[in-house]
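[1] model this:
(one chain, ligands or ions: 1)
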Amino acid sequence: MAHNILEINNLSRQFKIGGMLLGKKIVAVDKVDLKLPGDKPQIMSIVGESGCGKTTLARMILRLQEPSSGDIRLDGTPLSHYDKRQHRKEFLKKVQPIFQNPFTSFSMRKTVDTYLFETALNLEIAKTKQEAQRIVSEVLHSVGLELNHISGKYPNQFSGGELQRISIARALIPKPSLIVADEPVAMIDASLRMNIVNLFKKLKDEYKVNFIYITHDLSTAYYVSDYIATMYRGQLIEFGDARNILNKPSHPYTELLLDSIPRVGKKWNEDMVLPDMEDKEYGLNGCKFANRCMYAQDICRSIDPNKVYIDPEHMVLCFKHNDYK
Ligand SMILES: Nc1ncnc2c1ncn2[C@@H]1O[C@H](COP(=O)(O)OP(=O)(O)OP(=O)(O)O)[C@@H](O)[C@H]1O
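    Purely as a prediction, here's the structure:
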């Protein structure tokens, strides 16, 4: 049986904002199911407008946030297995994060090479300083940097792009099976974004590592991805092979997003005016996209759509593919 590197089942996360009585409930992630095949390393992009739940989903995969319900399995093991303290290192050896702002990933008072050596030694990837040196040199070389150029330097002596490369090198030290990169190019000059994204493609094969690439930058997502997950208001509304989605977007929202890709580096919210997410919309029946959808029919506004499998690996949450039944 084919195994999945990542399996997400009926995953939800709610937040309460405001007081006990007048507070509101935000469903940041709403019953998400997703399977990322583990037969070869993959890059899966999670795309969707601001507030659609991408970061909350990523934080749950990184165990930085607890789900309200549902579960996540990594290589068949439920993430709850790693809750115990003694399994913490085991988790960090398998899953590594890359965050949006590399300047907040490193303290300004510590040299960046110290971080790399500490990661190698603390995660017991290297037993001696010499071994750590060899590993650190190797990962830096893989991201286009050399140890003697970064040694003894502080974060503010690097550009954002260089520092993000160092974050990527650090994430590679334990040779994880999954790297979760949340908006890793958002703070980097547009002209350099493609270099980082190309690096993911190269490292995927070199280190046999899967990437979850969370982004607003649709053009890089569509360029780099093997799989694309589109989120809309907490729901996963389309998931599948990137080529299929590129050639034949099946959800009207994905169609809209694809139409809005103008050129590399441009974010869609520069092109599309999106209505604010209203709390009351969470309680409404029917498809959350219905009010903006040019194909919407009565049923779309009254009943929640079911998942339709266009092929075994291509899911869409839309009545259109069910002949509005
Ligand atoms: N800790 C929290 N407390 C309350 N609400 C939260 C919290 N974290 C996220 N939310 C809400 O959950 C929803 C999803 O947020 P999330 O950050 O996951 O979206 P996103 O797609 O990553 O957006 P962005 O691209 O702007 O980061 C938003 O309405 C957000 O305000």
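[2] going by C-alpha atoms from here, please, whenever you check contacts or count neighbours.
    Fine.
[3] strands of the stretch 201-325 of the chain, residue ranges please.
    210-215, 227-232, 235-241, 307-311, 314-317 (DSSP state E, counting those that start in this stretch).
[4] where does this structure have low pLDDT?
    Scanning the chain with the threshold set as pLDDT under 70 gives 1-2, 261-284.
[5] near the ligand, which residues of it?
    When proximity is defined as Cα under 6 Å from any ligand atom, the chain approaches the ligand at 15, 17, 28, 49-56.
[6] if you set the cut-off to 8 Å instead, what comes out?
    14-17, 26-29, 47-58, 183, 215-216, 231, 233-234, 277 (Cα under 8 Å from any ligand atom).
[7] identify the residues contacting the residue positioned nearest the centre of the chain.
    The centroid of the chain falls nearest to Ile214 when counting by Cα atoms, centre = their mean (3.5 Å). The neighbours of Ile214, taking Cα atoms under 8 Å, 6 or more residues apart in numbering as the test, are 45-47, 54-55, 58, 180-184.
[8] and these, which are buried?
    Buried by 16 or more other Cα atoms under 10 Å: 45-47, 54-55, 58, 180-184, out of these.
[9] helices of this protein, start to end?
    If DSSP state H is used as the criterion, the helices of the chain fall at 54-61, 88-94, 102-105, 112-122, 129-142, 147-150, 160-172, 190-206, 218-224, 242-247, 252-259, 279-283.
[10] for Ile310, which of these is the nearest?
    helix 242-247 (10.2 Å; Cα to Cα).
[11] which residues does that closest one contact?
    222, 225-228, 258.
[12] let's see that with 6 Å instead.
    Residues from elsewhere that reach helix 242-247 (Cα atoms under 6 Å, 6 or more residues apart in numbering): 225-228.
[13] stretch 78-87 now?
    So stretch 78-87 is contacted by 72-73, 88 (Cα under 6 Å, 6+ apart).
[14] and which of those residues is nearest to the ligand?
    If you rank the contacts of stretch 78-87 by distance to the ligand using Cα to the nearest ligand atom, Ile72 comes first, at 16.5 Å.
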